[in-house]
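Peer 1: Okay, sequence plus prediction incoming.
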Amino acid sequence: MTDFTQTTLVKSISECCDRHKLSYNNLSPTQVSPGVWQFSAVEMDDDCSRHGYCRQQRYYARELDGQMVLC
């Protein structure tokens, strides 16, 4: 498991969100258990992108093979 600094943790979560079409505000995530991080993001689906019906939700991520993945 990688030792993340706050900067690298936010960057890793941001890259994970980009892969899943989530808009992440780059605020500090909360560690909820060893290696698992909670953060808020908005899914950029058609309702959000086209109509402005956007909803911020909680997501969880963990490290797997050197990169963050959604739980």
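Peer 2: Yes, it's here. Source: prediction; values computed, not measured.

Peer 1: Just say helix, strand or coil for Ala41.
Peer 2: Classification of Ala41 by DSSP: H, G, I helix; E, B strand; the rest coil places it in strand.

Peer 1: so what's it bridging to?
Peer 2: Ala41 has these beta-bridge partners by DSSP bridges: Tyr24, Gln57.

Peer 1: how much space between it and Lys11?
Peer 2: Distance, Ala41 to Lys11, using Cβ to Cβ, to the nearest Å: 14 Å. The C-beta positions use only the backbone N, C-alpha and C, and glycine is treated the same way.

Peer 1: Who has more neighbours out of these two?
Peer 2: It is Ala41, of Ala41 and Lys11, that has more neighbours when counted by other Cβ atoms under 10 Å, with 22 against 14.

Peer 1: Might one say that Met68 is in contact with Arg19?
Peer 2: No: using Cβ atoms under 8 Å, Met68 is not in contact with Arg19, being 9.2 Å away.

Peer 1: Among the two, which residue is more densely surrounded?
Peer 2: A side-by-side neighbour count of Met68 and Arg19, using other Cβ under 10 Å, places Met68 first with 23 against 11.

Peer 1: Need the three-state assignment for the more buried one.
Peer 2: strand.

Peer 1: What residues does it make contact with?
Peer 2: Ser12, Ile13, Glu15, Cys16, Trp37, Ala61, Arg62 (Cβ atoms under 8 Å, 6 or more residues apart in numbering).

Peer 1: What about the residues you listed, which are in strands?
Peer 2: Among those, DSSP state E puts Trp37, Ala61, Arg62 in strands.
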